[in-house]
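S.K.: structure for the following, please:
(one chain, ligands or ions: 1)
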Amino acid sequence: MNKYLLFFIIGSIIAGISVSCSQSPATVTTKEPDYRRIGDSIIKATFDTLRHTLGASIQRDGVEGAVQFCNVNAYPITATLASENILIRRVANRYRNPQNAPDSTDAVQWNVFATAKAAGDSLQPAIVRENDRVHYYKPIILQANCTVCHGTNGKDISPAVASTIDSLYPNDNAKDFAVGDLRGMWKISFLQANH
Ligand code: HEC
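M.R.: So this is what the prediction gives:
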């Protein structure tokens, strides 16, 4: 991910917010930021970074050495993009890191995705409002290259990787996923610019 593009994204967000703050109420047709578009850019940027860092780490250190690289919060990109105004998280019902457990708002959206998935429907990203925050949720579907760490012990996960995971995450809940499963969801939370 190009750093300048990141700054551009952040700049656009800030510009959008300050424009809506500086106009007088009489003349404003308050235009809300396009949370979906911004959310998608942030998710893409974060995922690209994650993917590249993870891939490089697997090549260098093997899958077991790369285990800690799936931590979204470990990346400078999150620090760059996340701010007081934007939070980037991944949430999962069956989580590896307890910090990624759903809260009550997340649980509602999780059910929407899980129900659609069970019915064989397509999963639509969603905007959910909560007090002064706007959350953008997007499903994360398990892919073939994820099973080395989220699949089944013995079949997909080697003994060495399993023991690394167990030592770092003694209460791991994030194994036994199959390709195509709903693995988690991105949650990009924006502080609403309505003042
Ligand atoms: C090298 C091992 C490894 C690979 C490969 C991997 N993950 Fe993970 N994944 C982890 C670890 C370790 C965590 C816990 C990270 C943390 O502490 O936040 C995790 C956490 C997650 C989470 C956050 C929820 C949770 O369980 O805590 C999601 C969602 C996730 N992974 C999805 C994926 C997807 C999708 C892929 C494939 C594109 C993938 N992972 C590939 C090791 C891996």
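
S.K.: distance-wise, check T152 relative to D103.
M.R.: 29 Å (CB to CB, to the nearest Å). The C-beta positions use only the backbone N, C-alpha and C, and glycine is treated the same way.

S.K.: now do Q143 against the ligand, distance only.
M.R.: Between Q143 and the ligand the distance, using CB to the nearest ligand atom, to the nearest Å, works out to 5 Å.

S.K.: let me fix that, I meant to ask about A118.
M.R.: Noted for A118: a distance of 19 Å to the ligand, by CB to the nearest ligand atom.

S.K.: just A114 next, same as before
M.R.: Taken as CB to the nearest ligand atom, the span from A114 to the ligand is 14 Å.

S.K.: who are the neighbours in contact with the nearest residue to that residue once chain neighbours are set aside?
M.R.: Residue nearest to A114 in three dimensions, not counting chain neighbours: L182, with 6.1 Å by CB to CB, 6 or more residues apart in numbering. Counting by CB atoms under 8 Å, 6 or more residues apart in numbering, L182 touches 113-114, 117, 123, 139-142.

S.K.: now do 6 Å
M.R.: 113, 117, 139 (CB atoms under 6 Å, 6 or more residues apart in numbering).

S.K.: what about the closest residue to Q143 other than its chain neighbours, neighbour count?
M.R.: The spatially closest residue to Q143, leaving aside those adjacent along the chain, is V179, at 6.4 Å (CB to CB, 6+ apart). Look at V179: counted by other CB atoms under 10 Å, it has 15 neighbours.

S.K.: what's the helix or strand for V179?
M.R.: Taking DSSP states H and E as the definition, one finds V179 inside no helix or strand.

S.K.: on that earlier part again, which strand residues bridge the residue nearest to A114?
M.R.: Judged by DSSP bridges, the bridge partners of L182 are I141.

S.K.: what about the most centrally placed residue in the chain, helix or strand, and which?
M.R.: Geometric centre of the chain, nearest residue: W186, 3.0 Å, by CA atoms, centre = their mean. If you go by DSSP H and E, W186 is part of strand 182-191.

S.K.: starting at the chain centroid, how far to that strand?
M.R.: Strand 182-191 sits 5 Å away from the centroid of its parent chain (CA atoms, centre = their mean, to the nearest Å).

S.K.: one step back: touching, the residue nearest to Q143 and I141? I think so.
M.R.: No - contact criterion CB atoms under 6 Å: V179 and I141 do not qualify, at 8.4 Å.
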